[in-house]
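**Student:** Could you work out the structure for the sequence below:
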Amino acid sequence: MLLRLFYIALAGLLFAGGATAQHKSYTWLSPPTRGQLELDPTMIPKGKGFLFVPAMTDALNEPSFRVFQGNKRIAEASPGTGVLLSPGYYEVLVGTGTDAQMMSRTMPIEEGMTTMVKPFWSGLVINVIDENRTSLNESYELYWEDQQENYGIGFGIEEERGEAVKTWLLPPGTYTVVRVGDNISTRRKFSVRLEPGELIQRNLVADVGDNTFIGFYPPTLRGLLGQTTGSHWKTNWQLSGSTQLSTSQNTTGEDLSVISLATQAFGRSIYSSDPHFANLRLIFEEGFTREEGDAFRKSIDEFEVRATYIYRLSERVGPYLRGVINTKLFATEAHFDQPQTLLIRDTLGDITSSQAGLNEFTLSPALSPLELRQGIGINSQLIRSFPLTLDMRIGIGARQSYVTETFDLNTDRTVASKLLDTSTTGLEALLILNSHFSRYLSLDSEFDILIPELATSAWEFTFENRLRLLLSRFVNMDIVLNFERVKPIVRLQARQQVLMRFVYLL
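**Tutor:** Have a look, this model is predicted:
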């Protein structure tokens, strides 16, 4: 009797343990294995069997699995899908990293039958955020503590590019997260324990001031899981003020070398789902300048709205649609140190009038010029590594510039030429580069070119560069170097700025 009770209790423990391992799928962001299999439309032909590997999150976010027979690679596919194979025994490799780091199982394939691979691996999703829960494009290193093995560099996401957090598929065990370049023995590290068949999600909180990690915790229902099953919208605002040393050459106004004060409002709304991504960005910046011996005057005036939509065909490629609106909210004035006689030239190039004794002249009223840009084409991610990411967009683009009583001042400031509305259509290309030289120094560049015809004199482009040095959590120094050649002023213009920014996030 006692022996029978012992065996019943033992069977109950084994069943409970098996049930626990089997039901780890409750931690997944995707349906359980059988639910995924039912959604797979693959029909098994005669003489074949079907091997199915489930996904814990999303197939695009997880590394592909590989199928070998002996030393020969037979197939490769994304988790959440399967492959058709001839009957026999196959080695299945699953995991993140090199072939040597991937986990393997030998699976039998029978004709007309489906073989489901029960997860013997673990999943880990790490979203890098700041203290305001905004996703950051920062990196970290992951170590398998049990084996003292480095599994490589992980990345936060750049939301404006429609990126998604990648899923690590790892052997069960304890893993440690450190800054890139830090040793596993550092005190600034966080650890997490992974069980077979389990998906673990963590928020890694980075201090943007000195790029240290200050938190590592499970997301709430409004975290990663909430982003998957709940609202796809995310909005944030940023207010900043700055002191500025700026110079400009060959622009519509006078050359400047001055000290300024400026404030900026930056807002962004992002919609991200599978496979849709949309980004709406608003920038409003105003600044005042004081030259020696003069009063404060308006020096910065920019209002810009950018919208981008990307349909993800794959992890790296998809068609895009974009639009930009750029204008100034206040009138632009040219100021003269001495009373100036100014000749006024019409749109045909003829002198129509002369104004004498001018101390200032209105180059353009509010909301002029109003510049519009549109584009449609293919978006592709060329490089995704530490410390460099590079995106390229190629397609058809158009630009329009609408003006109202707007003038271009010549270099000796004696002639003001009236400008016309312009419209250009052609081939467009856009390169977006983000690089991190160190924990404190980064460079963002964007090169946008429109080619309406073969003659290079007709090409229009903008080239924006921002070098950022982080000084503390709320203070950074920005060095801005921008070039442009766009209608209606068809000549190269340059603007340089050195800004000390004080940032407050909403």
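
**Student:** So what's the residue count around residue 186?
**Tutor:** By the criterion of other C-beta atoms under 10 Å, residue 186 has 11 neighbours. All C-beta spots, glycine's among them, are computed from the backbone N, C-alpha and C.

**Student:** Correction: the previous question concerned residue 47.
**Tutor:** Residue 47: 10 neighbours (other C-beta under 10 Å).

**Student:** sec struct for it, please.
**Tutor:** Recorded secondary structure, residue 47: coil (DSSP: H, G, I helix; E, B strand; the rest coil).

**Student:** my guess is it meets residue 86, correct?
**Tutor:** Yes. Counting by C-beta atoms under 8 Å, residue 47 sits close enough to residue 86 to count as a contact (6.8 Å).

**Student:** okay, residue 109: pLDDT?
**Tutor:** Per-residue confidence (pLDDT) for residue 109: 95.

**Student:** Also residue 2?
**Tutor:** On pLDDT, residue 2 comes in at 42.

**Student:** Can you get me a residue count around residue 112?
**Tutor:** A total of 12 residues lie near residue 112 under the criterion other C-beta under 10 Å.

**Student:** In contact with it, which residues are there?
**Tutor:** 44, 46, 48, 49 (C-beta atoms under 8 Å, 6 or more residues apart in numbering).

**Student:** For residue 111, see how far away the second one is.
**Tutor:** In this structure, residue 46 and residue 111 are 8 Å apart, going by C-beta to C-beta, to the nearest Å.

**Student:** out of these two, which sits in the busier spot?
**Tutor:** Counted by other C-beta under 10 Å, residue 46 and residue 111 do not tie: residue 111 has more neighbours, with 12 against 6.

**Student:** Quick check: buried residues in stretch 391-403?
**Tutor:** Within stretch 391-403, the residues that count as buried by 16 or more other C-beta atoms under 10 Å are 391, 392, 393, 394, 395, 397, 398, 399, 400, 401, 402, 403.

**Student:** from memory the fifth one sits against residue 376, does it?
**Tutor:** Yes. In this structure, residue 395 is within contact of residue 376 by C-beta under 8 Å, at 5.1 Å.

**Student:** so what sits against both of those two?
**Tutor:** A shared contact of residue 395 and residue 376, defined by C-beta under 8 Å, 6+ apart, is any residue touching both; here these are residue 320.

**Student:** still on that earlier bit, pull out the buried members of the contacts of residue 112.
**Tutor:** When burial is judged by neighbour count using 16+ other C-beta under 10 Å, the buried members of these are 48, 49.

**Student:** Which pair in the contacts of residue 112 has the greatest spatial separation?
**Tutor:** Pairwise distances across the contacts of residue 112 (C-beta to C-beta) peak at 10.8 Å, for the pair 46 and 49.

**Student:** Run through the stretch 201-350 of the chain and note the low-pLDDT ranges.
**Tutor:** 208-211, 220-232, 236, 238, 242-258, 291-293, 315 (pLDDT under 70).

**Student:** can you pull out the strands in it?
**Tutor:** Residue ranges of the strands in the stretch 201-350 of the chain, as given by DSSP state E, counting those that start in this stretch, are 212-217, 233-249, 256-272, 276-290, 296-311, 317-327, 332-345.

**Student:** wait, which of those strands is closest to residue 452?
**Tutor:** The closest of these to residue 452 is strand 317-327. By C-beta to C-beta, the value is 17.2 Å.

**Student:** Pull out the buried positions in the closest one.
**Tutor:** By neighbour count, with 16+ other C-beta under 10 Å as the criterion, the buried positions of strand 317-327 are 318, 320, 321, 322, 324, 326, 327.

**Student:** give me the beta-bridge partners of residue 498?
**Tutor:** Residues found in beta-bridge contact with residue 498 (criterion: DSSP bridges) are residue 245, residue 479.
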